[in-house]
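Asks: sequence below, structure please.
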Amino acid sequence: MADGVIRIAAALAEAPDGRLVLVRKRDTRFFMQPGGKIEAREEPVDALRRELEEELGAVLPPDLGPPLGLFTAPAAHEPGHLVEAWLFHVRLPHAPVIGAEIAEHALVGADGADHLMLAPLTREHVMPLWRRLRSGRFS
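Replies: Alright, predicted model coming up:
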């Protein structure tokens, strides 16, 4: 992170009922997608598997598929830094069971997340992608 870029793997995670799963980490204000920092010599998909098991109790299938892309936005909790996220689409096998550093989760339906304070990456990239996926217009 010496270059001011925080590299993460994150999930556009859908609960079994189709709602989007967002999380708020302990001692923070912003809701964001589940996931976390990629460790040295770790592949993004492996970081995502580790983080989702820790944060949501979710074991991901081996055939997760390719990432939706690599997205960059201002870091929500580290002023002056950017977050660079490999984003994966994940359908959770069960309702989230929060753990690790997660304080709470929110399940967002078609009415959106206007009532939540969203991290920049979530607001600028994840929410628009999720809307496109739901409408079938993702390519």
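Asks: doesn't Ile6 make contact with Ile38?
Replies: No: taking CB atoms under 8 Å as the contact criterion, Ile38 and Ile6 are not neighbours in contact, 9.3 Å apart. Yep, even glycine has a C-beta here, placed from its N, CA and C like the rest.
Asks: which one of the two has more residues nearby?
Replies: Ile38 (22 against 17; other CB atoms under 10 Å).
Asks: so where's this protein shaky on pLDDT?
Replies: The chain contains residues with pLDDT under 70 at 1-2, 137-139.
Asks: what residues does the strand or helix carrying Leu121 touch?
Replies: Secondary-structure element containing Leu121, defined by DSSP states H and E: helix 120-121. Identification of contacts with helix 120-121 by CB atoms under 8 Å, 6 or more residues apart in numbering yields 10, 32-33, 71, 73-76, 83, 85.
Asks: same question, stretch 96-112
Replies: Everything outside stretch 96-112 that qualifies as a contact, by CB under 8 Å, 6+ apart, is 13, 15, 17, 19-28, 31, 34, 54-58, 113, 116, 127, 134.
Asks: what's the longest helix seen in the chain packed up against?
Replies: Within the chain, and with DSSP state H defining each element, the longest helix by residue count is helix 44-56. Helices and strands in packing contact with helix 44-56 are listed as strand 5-14, strand 20-25, strand 35-37, strand 82-91, strand 102-108; criterion 3 or more CB pairs under 8 Å, 6 or more residues apart in numbering; DSSP states H and E.
Asks: alpha carbons of it, as PDB, please.
Replies: Extracted C-alpha coordinates of helix 44-56, given in PDB (Å, rounded to 0.1, in the frame of the first residue of the first chain):
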ATOM      1  CA  PRO A  44      -7.800 -12.300  -6.000                       C
ATOM      2  CA  VAL A  45     -10.200 -15.300  -6.100                       C
ATOM      3  CA  ASP A  46      -8.300 -16.900  -3.200                       C
ATOM      4  CA  ALA A  47      -8.500 -13.700  -1.200                       C
ATOM      5  CA  LEU A  48     -12.200 -13.500  -1.900                       C
ATOM      6  CA  ARG A  49     -12.800 -17.100  -0.700                       C
ATOM      7  CA  ARG A  50     -10.900 -16.400   2.500                       C
ATOM      8  CA  GLU A  51     -12.700 -13.100   3.200                       C
ATOM      9  CA  LEU A  52     -16.200 -14.400   2.500                       C
ATOM     10  CA  GLU A  53     -15.800 -17.400   4.700                       C
ATOM     11  CA  GLU A  54     -14.500 -15.100   7.500                       C
ATOM     12  CA  GLU A  55     -17.100 -12.300   7.000                       C
ATOM     13  CA  LEU A  56     -20.200 -14.100   5.900                       C
END
